[in-house]
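predicted model and sequence below, questions to follow.
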Amino acid sequence: MDATTELTRLSGLQQLQAIFAGKTGYAGIVKTLDLHPVSAEEGFVVFERSPTQAVYNPLGSVRGGYAATLLDTVMGCAVHSRLQAGQGAMLELDSLKCN
């Protein structure tokens, strides 16, 4: 049986815990941004990362797109952590406003 089929038998929180433990081979945006999972509870997920110069804009601050991607990732994982086994969800960040 493949890893995807195995994951569908787990709750969303259990899926995240398996991903955090490196048991799934998942290497998406978490690997791309070099995010480090810290903890996952139902409805609450924590990643850590210190931005490198690669995500700074010419003015010396972190690009908004980097921050938005972090927010999208963490919020999506927090929602995912509340899913029951076999329950799927399509998550989409509808809007994000920063001042």
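Nice, I can see it.

my read: residue 43 touches residue 78, true?
Yes. Look at residue 43 against residue 78 with C-beta atoms under 8 Å: they come within range, at 5.7 Å. Bear in mind the C-beta positions are built from the backbone N, C-alpha and C, glycine included.

who's more crowded, the two?
Counted by other C-beta atoms under 10 Å, residue 43 and residue 78 do not tie: residue 78 has more neighbours, with 19 against 11.

confirm that one sits in a helix?
Yes. Assessed by DSSP: H, G, I helix; E, B strand; the rest coil, residue 78 belongs to a helix.

begin at 562 from here
Understood, numbering begins at 562; the last thing we discussed is residue 639.

for it, which non-adjacent residue is spatially closest?
residue 606 (4.8 Å; C-beta to C-beta, 6 or more residues apart in numbering).

contacts only, for the residue nearest the centre of the chain.
Nearest to the geometric centre of the chain sits residue 634, at 3.7 Å (C-alpha atoms, centre = their mean). Residues near residue 634 by C-beta atoms under 8 Å, 6 or more residues apart in numbering: 590, 591, 594, 596, 608.

cutoff 6 Å now
residue 590 (C-beta atoms under 6 Å, 6 or more residues apart in numbering).

which helix or strand contains it?
Using DSSP states H and E, residue 634 sits within helix 625-641.

how far out from the middle of the chain is that helix?
6 Å (C-alpha atoms, centre = their mean, to the nearest Å).

I figured residue 601 was touching residue 577, is that so?
Yes. Under the criterion of C-beta atoms under 6 Å, residue 601 makes contact with residue 577 at 4.5 Å.

what do the two both touch?
residue 642.

helix/strand/coil for the residue of the chain positioned farthest from its centre?
Centroid-distance maximum for the chain: residue 620 at 27.7 Å, with C-alpha atoms, centre = their mean. Taking three-state DSSP as the rule, one finds residue 620 in the coil state.

do you know the pLDDT at it?
With respect to pLDDT, residue 620 has a value of 93.
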